[in-house]
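**Q** Here you go, sequence then predicted model.
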Amino acid sequence: MLNSWLFKHIDNSALIVFRIIFGLLCFLESIGAIFTGWVKTNLIDPKFTFTFIGFEWLQPLPGHWMYVYYVLMGVFALFVMLGYKYRFSIVGFTLLWAATYLMQKTSYNNHYYLLLLISSIMIVMPANTYASFDAKYNPKIKANAMPQWCKLVFVAQLFIVYTYAALAKLYPDWLNANFIEILMKPRSHYFLVGDLLQQKWVHYFLAYGGIVFDALIIPLLLFKPTRKFIFIIAIGFHLFNSFVLQIGIFPYLALAFTLFFFQPKTIQKLFLKKKVLYEESECIVPKFKMPLITVFLIYFIIQIGLPLRHHFIEDDVLWTEEGHRLSWRMMLRSKSGTASYSVENKDTKKRFIVDLNTYLTKKQIRTTSTKPDAIWQFSQYLKTQFKKNGQDVSVFVDCKVSINGKPYKRLINPEVDIANVPWKVFKHSNWILPSKQD
């Protein structure tokens with residue numbers, strides 16, 4: 001039963017077209033990061049880079065070499081699109097993307113995380129067996145079918161993403177549309193729709209429409225009678241996000257995923273008119289069946305478990321940020337803050353306030369004023385910098401934060417030496433003050 005479900009062969013038109021679109025979008029993401037100034041702002045200008053904790057050894061290349069890095073990543077993506085030396089190219093892109101993702105989180109984005117997951121999944125996909133240079137030069141690999149698990153992996157991943165995105169929205173400031181109002185306020189100047197986006201009824205429509213869309217998109221795509229209807233809705237939803245929220249390639253990647261829900265015949269008529277439709281439903285169980293099942297079982301257990309971890313950590317994740325990342329908590333809150341960093345020499349007891357502009361970019365200052373892990377990392381950095389000059393110091397942080405326009409409250413205990421406390425990965429850090437304060 002399991003074998004026939006996972007290893008039954010189906011037409012591979014969806015995967016082939018997805019590879020082409022995915023490669024193109026990754027190319028545009030890589031090259032676009034250069035021309036929009038993203039690489040300069042996040043990887044070249046900063047003196048200090050906020051990596052994921054534990055990956056401090058991953059640092060940007062010196063000078064302007066990060067431009068070369070992103071061009072190379074774009075070339076790999078282009079080769080993926082063309083199906084040229086596919087396996088080498090997708091591995092190359094994935095490794096480079098993983099490194100640049102882990103070496104900076106000032107511009108953390110759930111969509112970057114999704115791109116990392118999908119590119120990793122694409123490594124094991126037989127996505128170069130048709131409409132590719134690989135198949136042209138090596139006809140032996142040419143095929144018009146793939147095992148059904150190739151499709152199921154994408155469906156399962158998307159279901160996890162959208163379901164957790166819907167559940168994360170079930171909190172007061174989303175349900176009363178306060179956050180949507182804050183999100184739309186800076187967009188009042190938009191052509192034609194600016195004034196409309198300021199209407200309260202529009203905020204409620206977007207808030208509850210977002211929940212319904214995220215919760216139902218996958219089930220409705222799987223159900224044939226509603227597939228075309230929800231696809232039309234998805235086009236409107238993602239184009240709205242692209243225009244209003246300006247979130248890069250994600251809306252178009254999300255639309256590309258819908259390929260896995262449509263009949264191969266439909267995809268062929270639109271994209272691969274010369275391709276022969278596969279209709280045999282042959283079941284071929286590979287020798288690596290158990291390792292394959294084991295790897296994906298572990299993978300999906302992690303994917304299901306990571307977004308739940310904040311429930312086992314004290315206090316509200318919106319406040320502490322503990323368990324926020326890698327959890328599909330996408331565009332859920334507006335956070336602003338102010339922070340003052342004081343360095344005290346342990347020997348002389350002399351204390352002074354650090355000028356953040358000396359060490360950080362404006363974007364990084366905003367990060368170190370609201371996010372506890374960045375506050376901890378910057379405190380470690382300050383300690384290291386002063387240690388180079390022979391000084392053993394303590395770092396104290398006085399930080400106040402406002403979430404969704406609410407009154408400012410103190411986030412960090414100003415009496416704790418942040419530079420000399422360990423970071424806790426799956427536990428609450430007590431130097432983060434409670435969200436509910438007198």
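**A** Structure received.
**Q** out of everything not next to it in sequence, what's closest to Trp149?
**A** Leaving aside its chain neighbours, Trp149 sits nearest to Leu6 (4.4 Å; criterion: Cβ to Cβ, 6 or more residues apart in numbering). For the C-beta atoms, the positions are set from N, CA and C on the backbone; glycine is no exception.
**Q** residues touching the one you found, list them.
**A** Leu6 makes contact with Pro147, Gln148, Trp149, Leu152, Ile293 under the criterion Cβ atoms under 8 Å, 6 or more residues apart in numbering.
**Q** now with 10 Å?
**A** Leu6 sits next to 147-150, 152-153, 283, 285-286, 289, 292-293, 296 when contact means Cβ atoms under 10 Å, 6 or more residues apart in numbering.
**Q** which residues in the chain form strands?
**A** Secondary structure of the chain by DSSP state E: the strands cover 9-11, 145-147, 335-345, 351-353, 393-403, 409-410.
**Q** Quick one: the ones you listed as TSV, columns for mean pLDDT, distance to Thr49 and mean neighbour count too.
**A** Below are the strands of the chain laid out as TSV (pLDDT from 0 to 100; distance: least, Cβ to Cβ, whole Å; neighbours: other Cβ atoms under 10 Å):
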stretch	mean pLDDT	distance to Thr49	mean neighbour count
strand 9-11	96	44	21
strand 145-147	97	40	22
strand 335-345	96	18	17
strand 351-353	94	23	11
strand 393-403	97	19	21
strand 409-410	96	27	15
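**Q** any chance of those strands in TSV, with distance to Pro434 too?
**A** Shown next, in TSV, are the strands of the chain (distance: least, Cβ to Cβ, whole Å):
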stretch	distance to Pro434
strand 9-11	53
strand 145-147	51
strand 335-345	16
strand 351-353	26
strand 393-403	13
strand 409-410	9
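**Q** closest to Pro139 out of these?
**A** strand 145-147 (15.5 Å; Cβ to Cβ).
**Q** Tell me how far that closest one lies from the chain's centre.
**A** 28 Å (Cα atoms, centre = their mean, to the nearest Å).
**Q** mind listing what it pairs with, with the direction of each?
**A** Here strand 145-147 has these sheet partners by DSSP bridges: strand 9-11 (antiparallel).
**Q** shouldn't His428 be in contact with Ser435?
**A** No - assessed by Cβ atoms under 10 Å, His428 is found out of contact with Ser435, at 11.4 Å.
**Q** so what sits against both of these two?
**A** Residues touching both His428 and Ser435 (Cβ under 10 Å, 6+ apart): Glu314, Asp315, Thr320.
**Q** Same list, those, but as TSV with distance to Lys388 and pLDDT please.
**A** What follows is the shared contacts of His428 and Ser435, written out as TSV (distance: Cβ to Cβ, whole Å; pLDDT from 0 to 100):
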residue	distance to Lys388	pLDDT
Glu314	36	93
Asp315	36	94
Thr320	32	95
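**Q** buried set for stretch 145-160?
**A** Across stretch 145-160, burial judged by 16 or more other Cβ atoms under 10 Å covers 145-151, 153-154, 156-158, 160.
**Q** What of stretch 24-33?
**A** Of the residues in stretch 24-33, Leu24, Leu25, Cys26, Phe27, Glu29, Ser30, Ile31, Gly32, Ala33 count as buried by neighbour count, 16+ other Cβ under 10 Å.
**Q** Break down the stretch 51-200 of the chain into its helices, ranges please.
**A** Under the criterion DSSP state H, counting those that start in this stretch, the stretch 51-200 of the chain carries helices at the ranges 65-82, 86-102, 110-122, 133-137, 149-168, 172-175, 178-184, 200-222.
**Q** Kindly report the same for the stretch 251-400 of the chain.
**A** Going by DSSP H, counting those that start in this stretch, the stretch 251-400 of the chain shows helices at 264-271, 289-305, 317-320, 362-367, 372-388.
**Q** so which of these gets nearest Lys406?
**A** helix 317-320 (10.6 Å).
**Q** Tell me the helices and strands packed up against the closest one.
**A** helix 372-388, strand 393-403 (3 or more Cβ pairs under 10 Å, 6 or more residues apart in numbering; DSSP states H and E).
**Q** between the last one and helix 372-388, how big is the angle?
**A** In this case it means strand 393-403. 160 degrees (axes from the mean of the first three to the mean of the last three Cα atoms, to 10 degrees).
**Q** where does the stretch 301-438 of the chain dip in pLDDT?
**A** Counting by pLDDT under 70, the ranges of the stretch 301-438 of the chain that qualify are 438.
**Q** Next: the stretch 51-200 of the chain.
**A** Applying pLDDT under 70 to the stretch 51-200 of the chain flags no residue at all.
**Q** who's in contact with Phe88?
**A** The contact partners of Phe88, taken as Cβ under 10 Å, 6+ apart, are Phe76, Phe79, Val80.
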